[in-house]
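> got a sequence here, can you model it:
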Amino acid sequence: MLLHRQALLHLLADVSMGIDNVHVKRKMLTMSEKRELRSTPLGLRVTPSLKSALESAAKDDRRSVASMAEMILTDWLEAKGYLEKNSE
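Residues are numbered from 1 along each chain as shown. Prediction:
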């Protein structure tokens, strides 16, 4: 099951308040939102030192390497104005 970062954060917040209080609400998604839920593969080559640094950062943040790379790319692209910032 794919969850957006914000949805996952809300779910984790609910869990921290007590498992019995967790209710996941489903909403109808528009076609454009459905397209954004699909992931597209991206292959790239990096230096061994960059890969090692990314693996260390991912481990420290309890993320997969792919998730960490996506977060770093998203943050940079939003900061530079190439990607619209998530309003949530």
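
> ok, Ala69 to Leu50 distance?
Distance from Ala69 to Leu50, counting by Cβ to Cβ, to the nearest Å: 10 Å. For every residue, glycine as well, the C-beta is placed using N, CA and C.

> looking at the two, which one has more neighbours?
For Ala69 versus Leu50, neighbours defined as other Cβ atoms under 10 Å are more numerous around Ala69 (18 against 10).

> check contacts around that one.
Ala69 makes contacts with Leu54, as judged by Cβ atoms under 8 Å, 6 or more residues apart in numbering.

> 10 Å - rerun?
The contact partners of Ala69, by Cβ atoms under 10 Å, 6 or more residues apart in numbering, come to 42, 44, 46, 51, 54, 57-58, 63.

> give the ChimeraX command for selecting the buried subset of these.
Only the buried members of the contacts of Ala69 end up in this ChimeraX selection, burial being decided by 16 or more other Cβ atoms under 10 Å:
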select :54,58
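
> now the contacts of Ala69 as CSV including pLDDT and secondary structure?
Listed next are the contacts of Ala69 as CSV, based on pLDDT from 0 to 100; DSSP: H, G, I helix; E, B strand; the rest coil:
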residue, pLDDT, secondary structure
Leu42, 90, coil
Leu44, 93, coil
Val46, 96, coil
Lys51, 97, helix
Leu54, 97, helix
Ala57, 97, helix
Ala58, 97, helix
Arg63, 96, coil
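
> what's the closest of the contacts of Ala69 to Glu84?
Leu42 (19.0 Å; Cβ to Cβ).

> which element is Lys59 on?
Element membership of Lys59, judged by DSSP states H and E, is helix 48-60.

> one step back: of the contacts of Ala69, which is the nearest to Asn86?
Closest to Asn86, out of all of the contacts of Ala69 and judged by Cβ to Cβ, is Arg63, at 17.3 Å.

> what's the nearest residue to that closest one if we skip its chain neighbours?
Excluding its sequence neighbours, the residue lying closest to Arg63 (Cβ to Cβ, 6 or more residues apart in numbering) is Met71, at 7.2 Å.
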